[in-house]
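**Student:** Everything below, folded, please.
(one chain, ligands or ions: 1)
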Amino acid sequence: MKYIEEFQDPALARRLLDDIRATVTRPWALMEVCGGQTHTIIRHGIDQLLPDEVELIHGPGCPVCVTPLEVIDKALEIASRPGVIFCSFGDMLRVPGTGRDLFQVRGEGGDVRVVYSPLDALKTARQNPDREVVFFGIGFETTAPPNAMAVYQARKLGITNFSLLVSHVRVPPAIEAIMRSPSCRVQGFLAAGHVCSVMGTAEYPELADRHRVPIVVTGFEPLDILEGVRRAVRQLERGEHTVENAYPRAVRPEGNPAALAMLADVFEVTDRAWRGIGTIPDSGWRLSERFREYDAEHRFRVTGITTREPAACRSGEVLQGLIKPHECEAFGTLCTPRSPLGATMVSSEGACAAYYLYRRLDLGPGPARPATTPDRPTVPTAPLEASPVA
Ligand code: SF4
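**Tutor:** Now for the predicted structure:
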């Protein structure tokens, strides 16, 4: 519990907030890239504690949310086939595809299993040599190395009834796409610390320089977020745009060399579609030619997919930071975690889920309301964990 207690210390939070207030002189809009950071921000009311001049915009960093509908539909089709055991992390099971989800496939007789690691899926393949075992390999740079390792191990062990349905995405090209958008309001980024713990920081200086935007590598506890904001605001006020590492306890500039070597061996960079956003060049990974036999799309050759998103869902705008979740008319009415219209309401890192869990009683459903209200909470005297906002 060491880091949980230290990085939620309310006295330190007050000092960081005071420092931000003393520094800021103009309005600034910062984007937190990762959905895990969004949940920390909303859960602890950090956006409401910050001075009015600092707006936090929620970014597209939720892997479940950005997995394209076409890939979800392919997963549904493969999981429905006789002889297939389809393995996935639990939060993908309720993500709506076109008309149904993996839970429904399981209800219809499909063998859909929740696993906690791709190596669990590999074990399942060893135990069921007469079945095809498919693992749904989604995620950012954080989950790609273990998925690459599972494929590497499958080859090493001679396991041929195992494959990956791959939908891996990369953060730096997404930042590039966000900055190039004509509707972009982002002036600084809180980069996702866990991504950088794998990849290091080498990809960011050029982005920061080209778009003249500060990028602060940030962790996931309340004080991590406040420190990231403090550093980004300080840079903006000074007219600077560099990369800073505010998460040194987990991130080294060179990243994790062993994980990087595994990625380079098993995957290759490719264009990738992001749900609700569209295709971003070089923003994903797929299995390299040497490992193509372990690619479920190649093995099962799913064709004829016709996707259809619910018209009411505005998750693409949420993921690009163009609207806040409660500004979607379906929020809390047509769309809830029990009957989600979009992945952003299902995923444990989804922005809509965060607003529903921690803010819906304040915001309620209906038309757009300001993201901040005049009744801003005061800095809690109890630990932030116990904040009434949470
Ligand atoms: S509240 Fe529901 S319908 Fe609206 S954007 Fe979020 S997931 Fe989509």
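**Student:** Could you use CA atoms for every contact and neighbour count after this?
**Tutor:** Will do.
**Student:** Tell me the spacing between Glu309 and Pro96.
**Tutor:** Using Cα to Cα, to the nearest Å, Glu309 is found at 9 Å from Pro96.
**Student:** Nearest residue to Gly111 in space, ignoring adjacent ones along the chain?
**Tutor:** Just to correct that, residue 111 is Asp rather than Gly. Ile85 (5.1 Å; Cα to Cα, 6 or more residues apart in numbering).
**Student:** Specify which residue of Glu309 and Pro96 has the higher count of neighbours.
**Tutor:** It is Pro96, of Glu309 and Pro96, that has more neighbours when counted by other Cα atoms under 10 Å, with 24 against 16.
**Student:** contacting residues for that one?
**Tutor:** By Cα atoms under 8 Å, 6 or more residues apart in numbering, the contact set of Pro96 is 72, 340-343.
**Student:** Quick check, pLDDT for it.
**Tutor:** Looking at Pro96, its pLDDT is 90.
**Student:** which phi and psi does Leu190 have?
**Tutor:** Main-chain dihedrals, Leu190, degrees, to the nearest 10: phi -100, psi 100.
**Student:** Next: Pro281.
**Tutor:** Per-residue torsions, Pro281: phi -60, psi 140 (degrees, to the nearest 10).
**Student:** The closest residue to it other than its chain neighbours: which element?
**Tutor:** Spatially, and ignoring its direct neighbours in sequence, Pro281 is nearest to Asp271 (4.4 Å; Cα to Cα, 6+ apart). Assigned by DSSP states H and E, Asp271 belongs to strand 267-274.
**Student:** Enumerate the positions of that strand that are buried.
**Tutor:** Judged by neighbour count using 16 or more other Cα atoms under 10 Å, the buried positions of strand 267-274 are 267, 269-274.
**Student:** thinking again about what came up before, what's downstream of the helix or strand hosting the residue nearest to Asp111, the next helix or strand?
**Tutor:** Ile85 is part of strand 84-88 when elements are defined by DSSP H and E. Per DSSP H and E, the first helix or strand lying C-terminal to strand 84-88 is helix 102-107.
**Student:** Quick check: mean pLDDT of that following helix?
**Tutor:** Helix 102-107 comes out at a mean pLDDT of 96.
**Student:** With only the CA atoms kept, save that helix in CSV.
**Tutor:** Output of helix 102-107 as CSV, limited to C-alpha atoms (Å, rounded to 0.1, in the frame of the first residue of the first chain):
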residue,chain,number,x,y,z
LEU,A,102,-19.6,-12.0,-26.7
PHE,A,103,-21.8,-12.7,-23.7
GLN,A,104,-24.7,-13.4,-26.2
VAL,A,105,-22.4,-15.7,-28.3
ARG,A,106,-21.7,-17.6,-25.1
GLY,A,107,-25.4,-17.8,-24.3
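**Student:** Against which helices or strands is it packed?
**Tutor:** helix 69-79, strand 111-114 (3 or more Cα pairs under 8 Å, 6 or more residues apart in numbering; DSSP states H and E).
**Student:** what's downstream of the shortest one, the next helix or strand?
**Tutor:** Think strand 111-114. On the C-terminal side of strand 111-114, the closest following helix or strand by DSSP H and E is helix 118-127.
**Student:** What's the local residue count around Thr254?
**Tutor:** One thing to correct before we go on: residue 254 is Glu, not Thr. If you count neighbours by other Cα under 10 Å, Glu254 ends up with 14.
**Student:** who's in contact with the nearest residue to it once chain neighbours are set aside?
**Tutor:** Nearest residue to Glu254, sequence neighbours excluded (Cα to Cα, 6+ apart): Gly200, at 4.6 Å. Residues in contact with Gly200 (Cα under 8 Å, 6+ apart) are 251-256.
**Student:** Which of those residues fall within helices?
**Tutor:** Under the assignment DSSP state H, the contacts of Gly200 contribute nothing to helices.
**Student:** Separate out the buried members of those residues.
**Tutor:** In those, burial by neighbour count holds for 251-252, 255, counting by 16+ other Cα under 10 Å.
**Student:** can you give me the strands in the stretch 201-350 of the chain?
**Tutor:** Ranges of strands within the stretch 201-350 of the chain are 215-218, 243-245, 267-274, 278-287, based on DSSP state E, counting those that start in this stretch.
**Student:** for the first one, what is the average pLDDT?
**Tutor:** The reference is to strand 215-218. For strand 215-218, mean pLDDT is 98.
**Student:** Name the residues that touch it?
**Tutor:** The contact list for strand 215-218, computed with Cα under 8 Å, 6+ apart, reads 188-193, 196, 204, 208, 224-225, 227-228, 231-232, 241-247.
**Student:** if I look at Glu176, how far off is Gly255?
**Tutor:** 20 Å.
**Student:** before we move on, what about Tyr356?
**Tutor:** Going from Tyr356 to Gly255 by Cα to Cα gives 35 Å.
**Student:** cool, and Val133?
**Tutor:** The gap separating Val133 from Gly255 is 32 Å, by Cα to Cα.
**Student:** again, but for Ile78
**Tutor:** 35 Å.
**Student:** ditto for Gly90
**Tutor:** Per Cα to Cα, Gly90 is found 28 Å from Gly255.
**Student:** Below-threshold pLDDT in the protein: ranges please.
**Tutor:** Judged by pLDDT under 70, the chain has its weakly predicted residues at 1-3, 364-390.
**Student:** could you redo the last one with a cut-off of 50?
**Tutor:** When residues are selected by pLDDT under 50, those of the chain lie in 365-390.
**Student:** before we move on, back to that, can you tell me the strand partners of the strand holding Ile85 and which way each runs?
**Tutor:** Next to strand 84-88 in the sheet, as set by DSSP bridges, lie strand 111-114 (parallel), strand 132-139 (parallel).
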